[in-house]
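Asker: Sequence and predicted structure, then a few things I'm wondering about:
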Amino acid sequence: MLTVLFLGDIVGEPGRNAVIARLPELKEQHAIDFIIVNGENAAGGRGITGKITIDLLRAGVAVVTTGDHVWDQKDILSFIETEPRLLRPINYPLGAPGNGSIVLETAKGKVGVINVQCRTFMQPILDNPFRAVKTAVAKIREETPNIIVDVHGETTSEKIAMGRFLDGKVSAVLGTHTHVQTADEQILAGGTAFLCDAGMCGPVNSILGRAVEPIMNRFVSNLPASFPVAAGDVRLHGALVKIDEKNGRALRITRVDEPGPAQASAEPEPKIDLEQSSSPEQT
Ligand SMILES: [Fe+2]
């Protein structure tokens, strides 16, 4: 049996410190073979840097996925070409830096990971995610039936459609981007584990991981503002998926909701850039 831990969007320093601190214990406790995290909000809540990617990989993460914020930190355009375990959405136009999928060798055989971005209420609007993922899955299945898909999107409908579309063709389809864990974990009829959104690894007393007041004020005033990452207690959200590695079928999916380490950061992370997206939900 292959046990995969998938963690939702890591938000800022509190999120990444909590993930790095808790991974060794979680790995041992659940006999985890393979760890995937979504890191697109790991750098101050926007994007990811090369250094943060390396820190996560050193902590035991096998693959870091991203989404619409993949390019927000300036070093990542060149770094992603040097680190194949950092994925960007596979449905970027041909020629984009980096890769949207990877196959890694493990003690339990090969494991494939695909990162794909939805289009509804998402910017930028990328190539058709269903067509892109179909091509990638067919190619990876020549090597292994054990495939995990991070579907990064805003709407439940598009992510459920992706789960149904890939049922029986991959081991798990797990959603990211909304930062709110859904309670619809299930194994679909064809043997694919599904969770519409894994949730986030970040501060709980927050709005999607950011400090409450500035975002609340933005909704009230409509004026531009900066949105610092919140402080205080952190929780790690995600899913634990058990897979029969001989055929790639999911045997079990369990939602993960774990506390961060007791010494969670007490100070908010400095945040200087002005909000540029149209709504704070698009973090
Ligand atoms: Fe996102």
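Answerer: Done, it's in. Residues are numbered from 1 along each chain as shown.

Asker: any idea how far Met1 is from the closest residue to the ion within the stretch 151-283 of the chain?
Answerer: Nearest residue of the stretch 151-283 of the chain to the ion: His177, at 3.9 Å (CB to the ion). Yep, even glycine has a C-beta here, placed from its N, CA and C like the rest. Distance of His177 to Met1, given as CB to CB, to the nearest Å: 29 Å.

Asker: Please identify which of these two sits among more neighbours.
Answerer: When His177 and Met1 are compared for neighbours, His177 comes out ahead with 31 against 12, by other CB atoms under 10 Å.

Asker: what pLDDT does the residue nearest to that one when sequence neighbours are not counted get?
Answerer: What sits nearest to His177 in space, not counting adjacent residues and going by CB to CB, 6 or more residues apart in numbering, is His152, at 4.8 Å. Looking at His152, its pLDDT stands at 98.

Asker: What about His152, how many residues nearby?
Answerer: 28.

Asker: What residues are recorded as beta-bridge partners of it?
Answerer: Gln117, Thr176 (DSSP bridges).

Asker: list the contacts for it?
Answerer: 38, 40, 65-68, 89, 115-118, 175-177 (CB atoms under 8 Å, 6 or more residues apart in numbering).

Asker: List just the nearest of these to Ala189.
Answerer: Distance to Ala189 across the contacts of His152 (CB to CB) is lowest for Gly175, with 18.8 Å.

Asker: That closest one and Gly153 touch, don't they?
Answerer: Yes. Judged on CB atoms under 8 Å, Gly175 makes contact with Gly153 at a distance of 6.7 Å.

Asker: Give me the common contacts of those two.
Answerer: Listed as contacting both Gly175 and Gly153 by CB under 8 Å, 6+ apart are Lys159.

Asker: Quick check: which ranges of the stretch 151-283 of the chain have low pLDDT?
Answerer: Applying pLDDT under 70 to the stretch 151-283 of the chain flags residues 263-283.

Asker: what residues does the protein put near the ion?
Answerer: Proximity of the chain to the ion, by CB under 5 Å from the ion, involves residues Gly67, Asp68, His177.

Asker: Ala211 against Gly232, yeah?
Answerer: No. Counting by CB under 8 Å, Gly232 is not a contact partner of Ala211; they are 9.8 Å apart.

Asker: Tell me which of these two has more neighbours.
Answerer: Neighbours per residue, other CB under 10 Å: of Ala211 and Gly232, the larger number sits with Ala211, 22 against 15.

Asker: Looking at the stretch 1-150 of the chain, what residue ends up closest to the ion?
Answerer: For the stretch 1-150 of the chain, CB to the ion, closest residue to the ion: Gly67, 3.8 Å.

Asker: To which secondary structure element type does that residue belong?
Answerer: Assigned with DSSP: H, G, I helix; E, B strand; the rest coil, Gly67 falls in the coil class.
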